[in-house]
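Trainee: Please find the sequence and the predicted model below.
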Amino acid sequence: MNTVTMNTLTMSPVIRTENLVKKFRRVEALNGLNLEVPPGAIYALVGPNGAGKTTAIKILMNIFGATSGHAEVLGMDTKQIAGKALTSIGYVSENQQLPDWMRVDAFFAYLRPFYPSWDRDLENQLVRQLALPLDRKLSELSRGMRMKATLASSLAYRPRLVVLDEPFSGLDPLVRDELIEGMLERAEEATIFISSHDLAEIENLASHVGYLEQGRLRFSEEMPALVERFREVEITFDAAPALPVKLPASWMRVSSSAAVVQFVESRFDPERTNAEIRNVIGEPRCVTFTPMSLRSIFLAMARSERDAA
Amino acid sequence: MNQVIHIFRKDVQHWWKEIAVSLTLLAVYVWSEPATWVSGAAGLSGFATRSSIAELVTELLPISWWLLVLRVVQDEALVGDRQFWVTRPYEWKKLLAAKVLFGAAFVSVPLLLAQFSLLQLAGFPPTLALVPGILWMQLTWALILLAIATLATVTTGIGQMALVMLGVGAYFAITNPLSDLLPRGVPRAERIPNALAFAVPLGMCATIALWQYARRQTAKARIALVGAALTPFLIGAATPHHFLANRTYPEPASAQLAPVQLSFVPVKTTTPRSVFRQWPKKDKKTLIVLQPELHATGVAAHSMVVADGNRVEIEGPNGFRWDSGWGPDRMKFHDRAYFRYTLMLEPALYERIKDIPVKLRISFAVSNLNTQETQDVVISDDKFTVKNLGLCVLWNNNSSIECRYALERHSYIAATAALESACPGVERPQPPNNGETEIWQLAEGWGPAEFGISPVHTVNISMLYGASKPLLCPGTPVRFTFPRETERARVSVEIDGIRLSDYRQSDDTFFPPGTSPTVR
């Protein structure tokens, strides 16, 4: 019985939201967000500016309250996330206000007693790894250094969940790599939830990805499955084909020029996609399927949504 | 480590300079304040300088406390969504406790020590009897700092807080004249609503601060604070002034049982007869002053009858009726004495009824005080002790005595006569007009201590004969009386068929209200 219970617990999502809505007066920042983050995932929440990523994170961290809907983190209603509950959660944000008057070592010393699980060895290791200057005041640190100090202070107590809100924006590649390295080393023992514009970095990092737009989650899936189902398709015909008015819903950003038709297939399966091309347009002379980067997928999605609007 | 102590230590580490400045100011205050007690300043070097420093520090010290409270509350700012601490395992109750501990450690306890030091320096060694008063003073400052702390919980920094303080200043500048428009009532009958006018907004402040720490809902907290600021008005507007005055000052069963009986003296006013003063410019433009003459009798021996409030009603033909409502007053009724009651009317109202015979009813809410407890003192060159008034000394070219007392001043009457004055050059009037001079003050305080930083206060009792002749010299006997309230009652005088224009004062001068009586 115990084993079953344990398994059930371990398998329950670390983050779960149901119909989460957040309104700022008349502006609807989140519009029925349904999200599940499995344990052990590195989940990347991506989306254009104003999509609601930061709002979602702030609700998860109980910095904001939701207008309606329900959210849970580590099995706990987010409204209850305060005090001791935060000993299991690390939070790093691009624009956090830190106690600037403290030196880095004093900052760590101040935070230590708040966390029963604070690991001094891990702290020292992170300080070395991230090359943090312990004798400098936080106010004297560069933006990248501040992010690293925040990250180290959010990892040293081995949290079960690390939430990062736009951690890479404005950082140089070296600092970015150091941050990612620091994070990945902890990935085995924690679930990581990250919002970012930096799709290239996310691609190398994330196990799961969710695409948020206008407060709604357009998709949420494992990274390999996502990359697998998106393809850039280029079809060459003998003569300029006549495109029907109604095209398959999975074809995005369809364009044609003379005898060439291009689109983004969002439900790629070689056999099914080939058959669909023949059915919808006709027999092609040549078809090429090109795998897409996360950035390309993101752009295709965003542009497609914009075109539809 | 306990989170409360941990946060407290961090705050001390961060704000040690502000703490040092505040404690230094307090030390300077304890050093300089005795120079403001003339009676205690004898022998102090640099008396004037120290006195000036004390005045300056009295202003600076509350500012330093204000800054300390502001800084320490905003170190873990409650406004905004980017503070690092909101995503750390702070427990709000412990955070709040750490801030309260800070306030206690660097405001309350140092203030307490300073107050006991000042009492000791003033010649009032600490005793259990002083504890309630000292605790009252501590509570008063705690409540003031609570209001400041609450403002700090809904602001983000010193700039925003400064703007809020400007807003608070503007609020008082606007509401003070507005409060004059509200009915006022008799203050001594309205202790409960007056206390509520302080307690309710302060209670709301405490609730808002708790709410902010627990929930951090700044917009709602700010709206609630505006509501708290409006509550004194609402309480003032909702206070049943007539009911409270009538209940606190019941009408005696018969006029003879009243502590004083009043009658109208139908003498038309022509010019002021003796005491007069310049008409206040503001009132000169706006109000008409009438001064009908009244006669007071029936004040018992060993009694002092004092008006705490008054009310005027005018009834005229065709159902005309005007009621001033109850308002504050402070006038002593002398037995078998004539005095002029000052009534101020709006010009439009006066013009409407000035030549019509009307019924005028003047009512007083009076306190009757027993004056059997006395102490006769012969003024000496040295310090002398007066019961309830503390340690006294002759001062200011023999024109006054200054007494310093602990925590609160009790009611007193000081009386002497030119006939018995030991001062050279004072003319000796013959009995029965002995040239008697009397000064009196009733205790007005709310609690067991007066407001202030210092628990030591002074009262200056000035006694002159004529315009400027000092009466108080070594050897002059002074009788101090300590009145104790025995009864409250409502007394009225009704004047039928009076023509108000017969009692109008000239445009330039009039008798001050509650003036010394003219004895016929």
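Mentor: Looks like it came in fine. Only a predicted model underlies this, so the values are computations on that prediction, with no experimental measurement involved. Numbering: from 1, shown residues only, chains lettered A, B, ... in the order given.

Trainee: make it CA atoms for all contacts and neighbour counts henceforth
Mentor: OK.

Trainee: burial of the residue in the stretch 201-309 of chain A that chain B sits nearest to, as a residue count?
Mentor: Per Cα to the nearest Cα, A:Gly215 is where the stretch 201-309 of chain A lies closest to chain B, at 19.4 Å. A total of 23 residues lie near A:Gly215 under the criterion other Cα atoms under 10 Å in any protein chain shown.

Trainee: any idea how far the nearest residue to it once chain neighbours are set aside lies from A:Val209?
Mentor: Nearest residue to A:Gly215 in three dimensions, chain neighbours excluded: A:Leu30, at 3.8 Å (Cα to Cα, 6 or more residues apart in numbering or on different chains). Look at A:Leu30 and A:Val209: by Cα to Cα, to the nearest Å, they are 18 Å apart.

Trainee: start to end distance for stretch A:134-141?
Mentor: 10 Å.

Trainee: And that stretch, what's buried?
Mentor: A:Lys137, A:Leu138, A:Leu141 (16 or more other Cα atoms under 10 Å in any protein chain shown).

Trainee: can I get those residues in JSON lines with distance to A:Met76 and pLDDT?
Mentor: Formatted as JSON lines, the buried residues of stretch A:134-141 follow (distance: Cα to Cα, whole Å; pLDDT from 0 to 100):
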{"residue": "A:Lys137", "distance to A:Met76": "36", "pLDDT": "96"}
{"residue": "A:Leu138", "distance to A:Met76": "33", "pLDDT": "96"}
{"residue": "A:Leu141", "distance to A:Met76": "35", "pLDDT": "94"}
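
Trainee: what about A:Gly32, which helix or strand?
Mentor: strand A:27-37 (DSSP states H and E).

Trainee: neighbouring contacts of that strand?
Mentor: Residues from elsewhere that reach strand A:27-37 (Cα atoms under 8 Å, 6 or more residues apart in numbering or on different chains): A:13-23, A:43, A:50-52, A:55-56, A:69, A:193, A:214-217, A:220.

Trainee: and the residues you listed, which of them are in strands?
Mentor: Among those, the members falling in strands are A:15-23, A:43, A:69, A:193, A:216-217, A:220 (criterion: DSSP state E).

Trainee: what's whatever residue of chain A ends up closest to chain B sitting at in phi/psi?
Mentor: Going by Cα to the nearest Cα, chain B is nearest to A:Gly83 of chain A, at 4.1 Å. Main-chain torsions, A:Gly83, degrees, to the nearest 10: phi 50, psi -130.

Trainee: State the distance from it to A:Pro13.
Mentor: Counting by Cα to Cα - A:Gly83 and A:Pro13 are separated by 22 Å.

Trainee: So these two - more neighbours on which side?
Mentor: Between A:Gly83 and A:Pro13, A:Pro13 has the larger neighbour count (other Cα under 10 Å), namely 20 against 17.

Trainee: list the contacts for the more buried one?
Mentor: A:Glu36, A:Val37, A:Pro38, A:Pro39, A:Leu74, A:Gly75.

Trainee: my guess is the residue of the stretch 201-309 of chain A closest to chain B meets A:Thr54, correct?
Mentor: No: using Cα atoms under 8 Å, A:Gly215 is not in contact with A:Thr54, being 10.6 Å away.
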